[in-house]
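Asker: return a 3D structure for these sequence lines:
(one chain, ligands or ions: 1)
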Amino acid sequence: MVFSAFLACALVTLITIHVLLVLGKNKRRCKTGGSLAPPPGPAGHPLLGNLLYFFGPLRHNPHRGLSSLAETYGPVLSLRLGLTRTIVVVSSPAAAHDALTKNDAALAARLVPDSVCALSYSATSMVFLPSSNKLWKQDRAIIGSRFSSARGLETIQPILERHAHKLMKHFRACYGRPVIVREAVNGTVLNIISNILFSKDVVDLQGPQTFKGLIAPVLEEWSKSNVADAFPLLAPLDHLLGSRRRISIHLAKLFRFFDREIIEERLANTDTSGKHNDVLDVLLARFAQSKLTRQQITTFLTDMFIAASDTSTVTVQRALAELLRHPEKMEKLRAELVARLGFNDFIKDTDLDELPYLQAVVKETLRLHPAVPLIPREVVADGVSLAGFPVPVGTGVVINLWAIERDEKAWPQPEEFVPERFLVGSPVHFQGTENFAYKPFGAGRRVCPGMDYTAHSVPLLLASLLHKMEWKLPEGMSPEDIDLSDRYGTVLDLATPLRAVPVSAA
Ligand code: HEM
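Answerer: Take a look at the predicted model:
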């Protein structure tokens, strides 16, 4: 009781000091020049700005809430978070083009939420470092050589195929029983990444999933909004008692796993060091040359699992859910697989080029359900203008891919699942530099470094779920009953995990 009274007093005192400080700062700024008008946006509370939106219409599915706001205020709108932070939201292909090409360098930094500063994670994470940082450049080059270059992708191919086969066998062993599709797909995705990085499985598809237990709480905490972002003066309280404290605990466990069980073990086995031809060999070679610290290697591994695992998992799950919801599209895809693969038991990476409908299904899934629906950037140089609005240094810019990929001018019947739209007219690729109505991996110097790899991994995993295997819905359920509603977190997931029954193909 006494403790809560103390907390309440501390809170009020901190807010008051914070308000006074910021008001003073704003006053000084006005006297010395004043800023140009920001893009339009909803009127805000004098102190809280539009903060209450983040506890109301933007709380659960901000991509949808921001899209509705864009209908009222236009494709470039601004929101004020508390007293210190302005966020500009971009919701049209033309404004996204302005942000990601014309202003690429000025916008090549991330908005850094308070929660990722726990244990100094953001200070060495390639996801949050500005693109001018040396470590960011080094990390991106390492990922690029493995996940984008032709040679790197060639070394990944056998790992992908092996684990796609294992996934297929796993589901074959479950014939006739309802399964939560996400679970085995996620385990497989984690094992593919762990084998590319350090040549080891981290998940036993049949057994206890200890590694998932290390990663899931970090993702869960990071998906929550944090009061310290709007009121930085409240950060010390949060660090002591709130989400930052919880994240530090979970993150420390994950770091310890990578440091002790992966790095330490490899360093101890000096006879096998450098012989795995995996990413850890490259990282440890740089460590030996003092170009990377052990802590930076730990952060690199964390970045990779956080960025690569749930994104791919939710995309495979969504694609299967959409196909079950549209049985005629499922039939079309299965017919393509039978025609191409015939009696072959397993699918290979080299088959993918001959499966245009499969590719179209993946592209349409990423259009309708981008795994990362909002791209957070920050303005770090003068002269940025978005759709004619000046956007000053320090402003957060959020690119709403979810809204852009539903732009009616670019996508007729935007809410419908129509893979065929990717088979007519000039081909649309993830990598294209022209079409800003379709950028599920972002663009510019911070474009997703896993894009080329995903173009192989997601279709291969999806095909493995469909080749020589059929999926039925659990007893009493019809396609219309599949819940496709969203759960926004670190990625855009299904609110209700897909449950379905694998059965042998007729
Ligand atoms: C369905 C799969 C995926 C989707 C939809 C996706 C989407 C995205 C998007 C939209 C961004 C932000 C790009 C920007 O700011 O312009 C991003 C960043 C990133 N992605 Fe992916 N991603 C996927 C898979 C992967 C994989 C497999 C990896 C690792 C191999 C990966 C690693 C990263 C990293 C490290 C970043 C941060 C890059 C930076 O800030 O410099 N992603 N991703």
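Asker: which residues of this structure score low on pLDDT?
Answerer: Within the chain, the ranges that satisfy pLDDT under 70 run 1-36, 225, 230, 241, 271-274, 506.
Asker: close to the ligand: what parts of it are there?
Answerer: 126-127, 147, 303-304, 307-308, 311-312, 315, 366, 370-372, 375, 440-443, 446-450, 453-454, 458 (Cβ under 6 Å from any ligand atom). C-betas here are computed from N, CA, C, even on glycine.
Asker: my impression was that Arg377 belongs to a strand - is that right?
Answerer: Yes. The assignment for Arg377 is a strand, going by DSSP: H, G, I helix; E, B strand; the rest coil.
Asker: could you give the bridge partners of it?
Answerer: Beta-bridge partners of Arg377, counted by DSSP bridges, are Val397.
Asker: what separates the longest helix along the chain from the chain centre, distance-wise?
Answerer: Scanning the chain for the helix with the most residues, using DSSP state H, yields helix 294-325. Averaging C-alpha positions (Cα atoms, centre = their mean, to the nearest Å) puts helix 294-325 7 Å from its chain's average.
Asker: among the residues of the chain next to the ligand, name the ones in helices.
Answerer: Residues of the residues of the chain next to the ligand located in helices (DSSP H): 147, 303-304, 307-308, 311-312, 315, 366, 453-454, 458.
Asker: of these, which is the most crowded?
Answerer: When neighbours are counted by other Cβ atoms under 10 Å, Thr315 leads these with 27 neighbours.
Asker: so for the protein, the centremost residue is which one?
Answerer: Closest residue to the average C-alpha location of the chain: Val372 at 4.2 Å, with Cα atoms, centre = their mean.
Asker: next, that residue: phi, psi?
Answerer: The phi and psi values for Val372, taken as degrees, to the nearest 10, are phi -120, psi 90.
Asker: do Arg85 as well
Answerer: When quoted as degrees, to the nearest 10, the phi and psi of Arg85 stand at phi -120, psi 130.
Asker: where's it relative to the ligand, distance?
Answerer: 19 Å (Cβ to the nearest ligand atom, to the nearest Å).
Asker: list the contacts of the residue nearest to that residue when sequence neighbours are not counted.
Answerer: Distances taken as Cβ to Cβ, 6 or more residues apart in numbering put Gly396 closest to Arg85, at 6.3 Å, once the chain neighbours are dropped. Contacts were defined as Cβ atoms under 8 Å, 6 or more residues apart in numbering; by that measure Gly396 touches 85-88, 111, 376-379.
Asker: picking up where we left off before, was I right about the residue nearest to the centre of the chain contacting Asp493?
Answerer: No. Counting by Cβ atoms under 8 Å, Val372 does not reach Asp493; the two are 11.5 Å apart.
Asker: OK, contacts around the closest residue to Phe257 other than its chain neighbours?
Answerer: Of all residues beyond its chain neighbours, the one nearest Phe257 is Leu214 (5.7 Å), with distances taken as Cβ to Cβ, 6+ apart. Leu214 makes contacts with 250, 253-254, 257, as judged by Cβ under 8 Å, 6+ apart.
Asker: one more: Leu111?
Answerer: The contact partners of Leu111, by Cβ under 8 Å, 6+ apart, come to 87, 376-378, 396-398.
Asker: burial count for Gly383?
Answerer: Using other Cβ under 10 Å: Gly383 sits among 11 other residues.
Asker: before we move on, what SS does it have?
Answerer: coil.
Asker: and the gap between it and the ligand?
Answerer: 20 Å.
Asker: and Leu386, its phi and psi?
Answerer: According to degrees, to the nearest 10, Leu386 has phi -120, psi 120.
Asker: surely it and Asn103 touch.
Answerer: Yes. Judged on Cβ under 8 Å, Leu386 makes contact with Asn103 at a distance of 7.2 Å.
Asker: who's more crowded, the two?
Answerer: For Leu386 versus Asn103, neighbours defined as other Cβ under 10 Å are more numerous around Leu386 (26 against 21).
Asker: so in terms of bridging, what pairs with the more buried one?
Answerer: Phe389.
Asker: going forward, count from 32.
Answerer: Noted, 32 is the first residue going forward, which turns the last one into Leu417.
Asker: check contacts around it.
Answerer: Leu417 makes contact with 70, 107, 119, 121, 126, 129-130, 134, 428 under the criterion Cβ under 8 Å, 6+ apart.
Asker: please, where are all the strands along the protein?
Answerer: 107-112, 116-121, 210-211, 405-409, 416-417, 420-421, 427-431, 500-503, 517-519, 523-525, 530-535 (DSSP state E).
Asker: in the stretch 182-331 of the chain, which residue sits closest to the ligand?
Answerer: Using Cβ to the nearest ligand atom, Ile224 is the residue of the stretch 182-331 of the chain that sits closest to the ligand, at 7.1 Å.
Asker: mind putting the strands of the chain in a markdown table, distance to Glu511 included?
Answerer: Listed next are the strands of the chain as a markdown table, based on distance: least, Cβ to Cβ, whole Å:
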| stretch | distance to Glu511 |
| --- | --- |
| strand 107-112 | 35 |
| strand 116-121 | 33 |
| strand 210-211 | 20 |
| strand 405-409 | 29 |
| strand 416-417 | 40 |
| strand 420-421 | 43 |
| strand 427-431 | 28 |
| strand 500-503 | 15 |
| strand 517-519 | 18 |
| strand 523-525 | 15 |
| strand 530-535 | 15 |
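Asker: for those, which one sits closest to Pro189?
Answerer: strand 500-503 (22.1 Å; Cβ to Cβ).
Asker: list the helices and strands the closest one packs on?
Answerer: Contact here means 3 or more Cβ pairs under 8 Å, 6 or more residues apart in numbering; DSSP states H and E; on that basis strand 500-503 packs against helix 181-203, strand 530-535.
Asker: try it again at 10 Å.
Answerer: If you count contacts as 3 or more Cβ pairs under 10 Å, 6 or more residues apart in numbering; DSSP states H and E, strand 500-503 packs onto helix 181-203, helix 325-356, helix 358-372, strand 530-535.
Asker: what residues does that strand touch?
Answerer: Residues from elsewhere that reach strand 500-503 (Cβ atoms under 10 Å, 6 or more residues apart in numbering): 199, 202-203, 206-207, 209-210, 212, 351, 354-355, 361, 365, 496, 529, 531-537.
Asker: what strands flank it, and is each parallel or antiparallel?
Answerer: Assessed with DSSP bridges, strand 500-503 is paired to strand 530-535 (antiparallel).
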